[in-house]
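Novice: I would like to see how this sequence folds:
(2 chains)
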Amino acid sequence: MWFAPERLREEGGTPDYRFSLANERTFLAWLRTAMALVGGGFAVDQFLPETARPLRLALALVLLAGGALCALRAISHWVRCERAMRRGEDLPMSRFPVVLGLAVGVVALLMVIVAAFGWGG
Amino acid sequence: MPEGKGTHGPRTRDRDPGLQPERTRLAWRRTTLACAVAASLAGRQTLHRGIDPASLVVLALVVVAWLAFLTLAHRRIRAMRMPRPPALSPRAAVAAVACTLALAALGAAMLR
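Specialist: Numbering: from 1, shown residues only, chains lettered A, B, ... in the order given. Model (predicted):
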């Protein structure tokens, strides 16, 4: 559905504009998270020059991929919420926030270890 | 006192007590700021290994992605001036996501 969102307007009725705006703000919050992860990916590469190259690249790529995934999930969740509101259904449940939280936690821990033990190249 | 007849009547009655358009406008502003930070880091990434034609082309594309996001946000922020703004168009949402993905991809191509 989310890859053809133009069909959205054909479904159900138009929800209260306030609910649509709230959904839009949630979408933007996820987009900001995605941009923060993307920026973090570049920051790892640019500001940890002492770290061994494979490790640095791996961390940067994980963060960049996480950011891209987050952006894709942002639009998919936005479309699903908008559609649920148009049809008067319950909002979709998602495990994504938990998974993202755990993943960011693991990456952060790894970076603390890298910084503390100085795995130089 | 007749209601909704004066210059301020309808506007006052239409005002959203929860200030949803205002909050949404600010959310776009914050996201524009986040995009500027991500774009700066992506731009810095392209020049990180030195200046060559390839990195300049990628840098130009990063700037294009950032300007595209600025334009989108600006249009949406202008739509928020209405008391009851229309819902975000799916096309604009897809375009905003595409800008983020473009920044990630362009910068990733320049990782060293």
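
Novice: Helix or strand for the residue positioned nearest the centre of chain B, just tell me which one.
Specialist: Centroid-nearest residue in chain B: B:A73, 3.2 Å away (criterion: C-alpha atoms, centre = their mean). According to DSSP states H and E, B:A73 maps onto helix B:53-79.

Novice: is the host helix or strand of B:A34 anywhere near chain A?
Specialist: Using DSSP H and E, B:A34 sits in helix B:20-47. Yes. Applying C-beta under 8 Å from any C-beta of the partner chain, one finds helix B:20-47 touching chain A at B:20-21, B:23-24, B:27-28, B:30-31, B:34-35, B:37-38, B:41-42, B:44-45. C-beta here means a position set from N, CA and C on the backbone, and glycine is covered the same way.

Novice: Buried among those? Need that as a selection in ChimeraX.
Specialist: Those of the residues of helix B:20-47 next to chain A that count as buried under 16 or more other C-beta atoms under 10 Å in any protein chain shown are selected in ChimeraX with:
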select /B:20,21,23,24,27,28,31,34,35,37,38,41,42,44,45
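
Novice: which helix in chain A runs the most residues?
Specialist: Longest helix in chain A by number of residues (criterion: DSSP state H): helix A:53-87.

Novice: which other residues reach the helix or strand following it?
Specialist: Note on helix A:53-87: by DSSP H and E, the next helix or strand toward the C-terminus is helix A:96-117. Here helix A:96-117 makes contact (C-beta atoms under 8 Å, 6 or more residues apart in numbering or on different chains) with A:33, A:37, A:44, A:48, A:51, A:55, A:59, A:62-63, A:66, A:70, A:73, A:77.

Novice: Equivalent analysis for stretch A:48-63, please.
Specialist: Residues contacting stretch A:48-63 (C-beta under 8 Å, 6+ apart): A:37-38, A:40-42, A:44-45, A:107, A:110-111, A:114-115, A:118-121, B:108, B:111.
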